[in-house]
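1. From the sequence below, what's the structure:
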Amino acid sequence: MRNVAIAVLVFFGLIWLFFSYIYVPNNTDASLEKNDVIAVKEVKKHVVDVADIKNLALLLNVEYLEEKEQVEQEQLPSTFDVIIELVVIYTSENNHKLRISTEARNEKKQFDMIVGDKLYDYTLSAINPNSAKLDNGIQEVTLSMFKTATISVTDLPKEVSDSL
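-> Numbering: from 1, shown residues only. Just a heads-up that it's a prediction; the model follows:
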């Protein structure tokens, strides 16, 4: 019997707690005709911080290029100069081979070539004991030992230039 009385008291206590604190009745003293001024905060556009994007790219291990850099890359000229130097000529009986050093866009490479091989737009047409001739059908370039020559070539796609 005592348990039932305690349960009834706890039940009424919870109802009193609900109506007094949790369920808050409308304030009857407030006037419904009163025009309250509602303060509206200015909604700001979310500005993406560039540093956040750089850090995100670093976190995801992807390359991040700014738009300015992409525009500069698109405006590259379609032709560029290549400095060519004849390094060495190998000869033995009927076999002629040479090594050419090229410098294009501050990048140096060396190629071993025989007659008929292509270098950019030019084809190696002849190998002599002291010189070699490159020909592209329009212009013929003679390479001499210890002298450099500059040729203008058209910009090639990355896949083609890597195979050279």
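2. my guess is residue 116 contacts residue 122, does it?
-> No. Between residue 116 and residue 122 there is no contact under C-beta atoms under 8 Å: 11.7 Å. In short, each C-beta sits where N, CA and C put it, glycine included.
3. Who are the contact partners of the closest residue to residue 139 other than its chain neighbours?
-> Spatial nearest neighbour of residue 139, chain neighbours left out: residue 151 (7.7 Å); criterion: C-beta to C-beta, 6 or more residues apart in numbering. By C-beta atoms under 8 Å, 6 or more residues apart in numbering, the contact list for residue 151 reads 81-82, 84, 120, 122, 134, 139, 141.
4. secondary structure class for residue 151?
-> strand (DSSP: H, G, I helix; E, B strand; the rest coil).
5. for the protein, what are the low-confidence residue spans?
-> 22-51, 67-77, 155-164 (pLDDT under 70).
6. Can you identify the helix in it that spans the most residues?
-> helix 2-17 (DSSP state H).
7. Skip ahead from it and say which helix or strand is next.
-> helix 50-60 (DSSP states H and E).
8. May I see the buried residues of the longest helix of the chain?
-> For helix 2-17, the neighbour count (16 or more other C-beta atoms under 10 Å) marks no residue as buried.
9. same check, this time on stretch 84-104
-> Applying 16+ other C-beta under 10 Å to stretch 84-104 flags 84-86, 89, 96, 98, 100, 102, 104 as buried.
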